[in-house]
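Visitor: Can you look at this prediction? I've put the sequence above it.
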Amino acid sequence: MKIKRFFAQDMRQAIRKVRDELGADAVILSNRKLDQGIEIIAAIDYDESLVGGGAAAAPETAAAQPGAPAPETAGTYDARARYSEAPAESPAPAAEPAQSATASAGVRSQARNPLADIEWDHDPAIIEMRREIQEMRGLLENQLAHLAWGELNRRRPAEAGILRRLSALGLPSALCAELAQAAGETADPEQGWRRALALLAQRLPVTDDDILSQGGIVALVGSTGVGKTTTVAKLAARYALRHGPRSVALVTTDSYRIGAHEQLFTYGRILGVPVQVAGDHTELHNALQSLRDKRLVLIDTAGMSQRDLRLSEQFTTLREAGLPIRSYLVMSATTQAGVLEEAVRAFNQGRLDGCILTKVDEAAALGGAISAIAGHQLPLAYVGDGQRVPEDLHPARAQNLVNRALSLQQQAGQETHDDTLAERFGALAANGRV
């Protein structure tokens, strides 16, 4: 048995070194992470019978001779040379005449296992067996994913190209796979890509400017700093331009922040529209009753985290106002995809009627926002792309948002590496989902 250590920067390079030097029949005994990379201990001509007691066929008479050490094989000598840390054992002492049968059996057992004196418990492969098995499993899954991704590129190159480009937009793997499958394998890759983008636009529900066209009582909810107050001002300004300032009013329920009302009062003075403050559901009910002659009432709620325990109080205030209130979630396009998903789930307990996407002009990518809207089928009402009131607020158009996402990706000029694509889509390809 030949045992050798290999060092490399990562597991993939280490495995390649083992295969190149020892061949495909090599057995990995252990691996561990070092500051410089990965260490692998591998063996060739590995005989499990040497460790498992398979040498039981050796004559038992050899152990019965007093003072005779257990016979060594060539594999035994090689293994001891490699594992220099294993201490040498002194020869077995001569058996006493009155020695028990149990002791004799122990000597015979040692003779049958020529490697019994090697301190295997010092080998990381034994001490950290469970961890290493998990690492090897991960390595195998990674290799299978790369094989599946390579096979997909060979058999369906157009579909693989669509997956690559959709992934660059920042969309989740499952959505990319669904769109690529729906677009199908085509002789013209660009035709398939345009079809995938059209399908993505179809996944985005829009409300077609319903706030300004329908009027009524509308509350904007969302996390702190997403632009709710500015969006309220933009909507109020647009409505005042269409129907006059006497047709619109503003209400704020933000009683948590010091000076939270000042910005809204400033907008109210500029637009010439009334502004009222409501601290609880009773005050909100009274404020809305006093404004019942207004065609549009916009409610600016307190900004709070989706994990804030006061969030339920906010929904209670809106529900118990005693009047029909439509709620729209304001989301910032600069927020991470995972946070957007969490926010939609948390705020949707108040039965959202739609959403408004802000700060599109500040975003580096729109994949997270698009996936949250498409995944929850939350109708998109407006898109904000600047601070100007009211110019930088536009009725949502699904195709425009997809084109904007594509433009941002092209400006960034970043492409997804094959290793990343294999990790994202290899398992899906192996399971026939792409």
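Guide: In hand now; what should we look at? Numbers count the residues shown, from 1 in each chain.

Visitor: Please, where are all the helices along the stretch 301-434 of the chain?
Guide: Counting by DSSP state H, counting those that start in this stretch, the stretch 301-434 of the chain has these helices, from start to end: 311-319, 337-347, 367-376, 398-412, 418-430.

Visitor: Give me the buried positions along stretch 328-343.
Guide: Of the residues in stretch 328-343, those scored as buried under the neighbour-count criterion (16 or more other Cβ atoms under 10 Å) are 328-335, 337, 339-343. Where C-beta positions appear, they are placed from N, C-alpha and C, glycine not excepted.

Visitor: CA-only coordinates of the particular helix or strand that has Leu235 in it, as CSV, when you get a sec.
Guide: Assessed by DSSP states H and E, Leu235 sits inside helix 228-243. Once side chains and other backbone atoms are set aside, the C-alpha atoms of helix 228-243 remain, and they are given as CSV (Å, rounded to 0.1, in the frame of the first residue of the first chain):
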residue,chain,number,x,y,z
LYS,A,228,-43.0,56.4,1.6
THR,A,229,-43.3,60.1,2.4
THR,A,230,-41.8,61.3,-0.8
THR,A,231,-44.1,58.8,-2.7
VAL,A,232,-47.1,60.2,-0.9
ALA,A,233,-46.1,63.7,-2.0
LYS,A,234,-45.6,62.6,-5.6
LEU,A,235,-49.0,61.0,-5.7
ALA,A,236,-50.7,64.0,-4.1
ALA,A,237,-49.0,66.3,-6.5
ARG,A,238,-50.1,64.3,-9.6
TYR,A,239,-53.7,64.1,-8.3
ALA,A,240,-53.8,67.8,-7.5
LEU,A,241,-52.6,68.6,-11.1
ARG,A,242,-55.4,66.5,-12.5
HIS,A,243,-58.3,67.3,-10.2
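
Visitor: for the helix or strand that it is followed by, packing partners?
Guide: Taking DSSP H and E as the definition, the helix or strand that follows helix 228-243 towards the C-terminus is strand 248-252. Counting contacts by 3 or more Cβ pairs under 8 Å, 6 or more residues apart in numbering; DSSP states H and E, strand 248-252 is packed against helix 228-243, helix 262-271, strand 275-277, helix 281-290, strand 296-300.

Visitor: Could you export the second one as PDB, CA atoms only?
Guide: It refers to helix 262-271. What follows is the C-alpha trace of helix 262-271 in PDB, where atoms were taken according to Å, rounded to 0.1, in the frame of the first residue of the first chain:
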ATOM      1  CA  GLU A 262     -42.500  68.000   9.400                       C
ATOM      2  CA  GLN A 263     -41.700  66.700   6.000                       C
ATOM      3  CA  LEU A 264     -45.300  65.800   5.200                       C
ATOM      4  CA  PHE A 265     -46.500  69.200   6.500                       C
ATOM      5  CA  THR A 266     -43.900  70.900   4.300                       C
ATOM      6  CA  TYR A 267     -45.200  69.000   1.200                       C
ATOM      7  CA  GLY A 268     -48.800  69.900   2.200                       C
ATOM      8  CA  ARG A 269     -48.000  73.700   2.400                       C
ATOM      9  CA  ILE A 270     -46.300  73.500  -1.000                       C
ATOM     10  CA  LEU A 271     -49.200  71.700  -2.700                       C
END
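
Visitor: quick one, that helix and helix 228-243 angle?
Guide: Here helix 262-271 runs at 20 degrees with respect to helix 228-243, directions being taken by axes from the mean of the first three to the mean of the last three Cα atoms, to 10 degrees.

Visitor: Run through who's touching helix 262-271.
Guide: Outside helix 262-271, the residues within contact range by Cβ atoms under 8 Å, 6 or more residues apart in numbering are 229, 232-233, 236-237, 240, 245, 248, 250, 252, 274-275, 300, 389.

Visitor: And the third one, by the same measure?
Guide: Residues outside strand 275-277 that contact it (Cβ under 8 Å, 6+ apart) are 249-253, 255, 261, 264-265, 267-268, 283, 287, 290-291.

Visitor: still on that earlier bit, dump the helices and strands packed on strand 248-252 into TSV; add mean pLDDT and distance to His376 as well.
Guide: Conversion of the helices and strands packed on strand 248-252 to TSV gives the following (pLDDT from 0 to 100; distance: least, Cβ to Cβ, whole Å):
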stretch	mean pLDDT	distance to His376
helix 228-243	93	19
helix 262-271	89	29
strand 275-277	90	32
helix 281-290	86	27
strand 296-300	93	22
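
Visitor: Of those, flag the one that's most buried.
Guide: Of all these, strand 296-300 has the most neighbours on average by mean count of other Cβ atoms under 10 Å, namely a mean of 25.

Visitor: For that one, list the C-alpha coordinates in CSV.
Guide: Coordinates of the C-alpha atoms in strand 296-300 are reproduced here as CSV (Å, rounded to 0.1, in the frame of the first residue of the first chain):
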residue,chain,number,x,y,z
LEU,A,296,-58.3,60.9,-2.6
VAL,A,297,-56.8,60.6,0.9
LEU,A,298,-53.3,59.4,1.2
ILE,A,299,-52.1,57.9,4.5
ASP,A,300,-48.4,58.0,5.3
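
Visitor: Sheet partners, orientation included, of it?
Guide: Strand 296-300 has the following strand partners under DSSP bridges: strand 216-221 (parallel), strand 248-252 (parallel).

Visitor: And for the host helix or strand of Ala42, what's in contact with it?
Guide: Per DSSP H and E: Ala42 is located in strand 37-44. Applying Cβ under 8 Å, 6+ apart, the contact partners of strand 37-44 are 1-11, 13-15, 17-18, 22-23, 25-33, 125.
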